[in-house]
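*Asks:* predicted structure and sequence below. I'll ask about it afterward.
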2 protein chains.
Amino acid sequence: MVEYKDQVLDQTYAALADPTRRAILTRLQHQEARVTELAAPFNMSLNAVSKHLQVLERAGLIRREVRGREHYLSANPEPLQYAMDWLNAYQQFWDQRLERLETFLRQQKSGTQARRKA
Amino acid sequence: MVEYKDQVLDQTYAALADPTRRAILTRLQHQEARVTELAAPFNMSLNAVSKHLQVLERAGLIRREVRGREHYLSANPEPLQYAMDWLNAYQQFWDQRLERLETFLRQQKSGTQARRKA
């Protein structure tokens, strides 16, 4: 059984695994934008950009609002919190492991020095 | 042109976008393990687990050491730092934006109250 949190992590990390999608998210930090505005800096078709937007939308990282004929997109960073939390938990565990290794090496070293003096 | 950092981010996030691969990384935080040990908790073939390991290896998140007939795998968290840095930068910008919005709303509110009192 895949849990909700796992699904969010799968979709979020998959959405982030592309430079165009990361650039779109960065662009939308500043302010909302229309699809054509978002597509302008990229050397790709509007269709290709639309596909990237769909991936970001499915992951809940952007929101779309239709006003008249225009589609406006804005960033929604909430799912990124899960991605941060997972990495932070991993990092914390790793830091602890390095600290334990360091302590062990210090103890080994001072033990060796003590034996040399004896 | 795709830069080196972008390649690392692409591969790292893609590797993290799967619950089995995240579970393997978490398992390897504790200590190195053989392929069969890693596969044991998962309801999948050794071949399927091997494919996940290849994705993690290509992303540089795990290392393989061959001793005799056994392949030992260990975690290498270095590429995760890039993934953390990208998310932290995004988060920081977002926090600043929320703060500015809060300040603006406070100013609006105190302006309204001042006008009411006048």
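*Replies:* Structure's in. What do you need? Numbering: from 1, shown residues only, chains lettered A, B, ... in the order given.
*Asks:* C-alpha from now on. contacts and neighbour counts both.
*Replies:* Noted.
*Asks:* what residues does chain A put near chain B?
*Replies:* With CA under 8 Å from any CA of the partner chain as the criterion, chain A comes near chain B at residues A:6, A:9-14, A:16-19, A:26, A:29, A:77, A:80, A:84, A:87-88, A:90-91, A:93-94.
*Asks:* buried sites along the longest helix belonging to chain A?
*Replies:* Longest helix in chain A by number of residues (criterion: DSSP state H): helix A:78-117. By neighbour count with 16 or more other CA atoms under 10 Å in any protein chain shown, helix A:78-117 contains the buried residues A:P79, A:L80, A:Y82, A:A83, A:M84, A:L87, A:Y90, A:Q91, A:W94.
*Asks:* stretch A:59-69 too?
*Replies:* Buried positions in stretch A:59-69, judged by neighbour count with 16+ other CA under 10 Å: A:A59, A:G60, A:L61, A:I62, A:R63, A:R64.
*Asks:* now the fifth one: which helix or strand?
*Replies:* With elements taken from DSSP states H and E, the one containing A:R63 is strand A:62-67.
*Asks:* what's in contact with whichever helix or strand comes after that strand?
*Replies:* Using DSSP H and E, the helix or strand that follows strand A:62-67 towards the C-terminus is strand A:70-75. Applying CA atoms under 8 Å, 6 or more residues apart in numbering or on different chains, the set of residues contacting strand A:70-75 from outside is A:25, A:28-29, A:31-35, A:61-66.
*Asks:* list the contacts of A:Y82.
*Replies:* Contact analysis of A:Y82 by CA under 8 Å, 6+ apart lists A:K5, A:V8, A:L9.
*Asks:* 10 Å instead?
*Replies:* Residues in contact with A:Y82 (CA atoms under 10 Å, 6 or more residues apart in numbering or on different chains) are A:K5, A:D6, A:V8, A:L9, A:T12, A:Y13, A:N88.
*Asks:* setting aside sequence neighbours, what's the nearest residue to the fifth one?
*Replies:* Okay, so that is A:T12. With CA to CA, 6 or more residues apart in numbering or on different chains as the measure, A:A59 is the residue that lies nearest to A:T12, at 5.6 Å, once sequence neighbours are left out.
*Asks:* so where is chain A shaky, pLDDT-wise?
*Replies:* Chain A contains residues with pLDDT under 70 at A:1-2, A:118.
*Asks:* 50 instead, please
*Replies:* Residues of chain A that meet the criterion pLDDT under 50 lie in A:1.
*Asks:* A:K51 and chain B, how far apart?
*Replies:* Summarising the geometry, the distance separating A:K51 from chain B, computed by CA to the nearest CA, to the nearest Å, is 17 Å.
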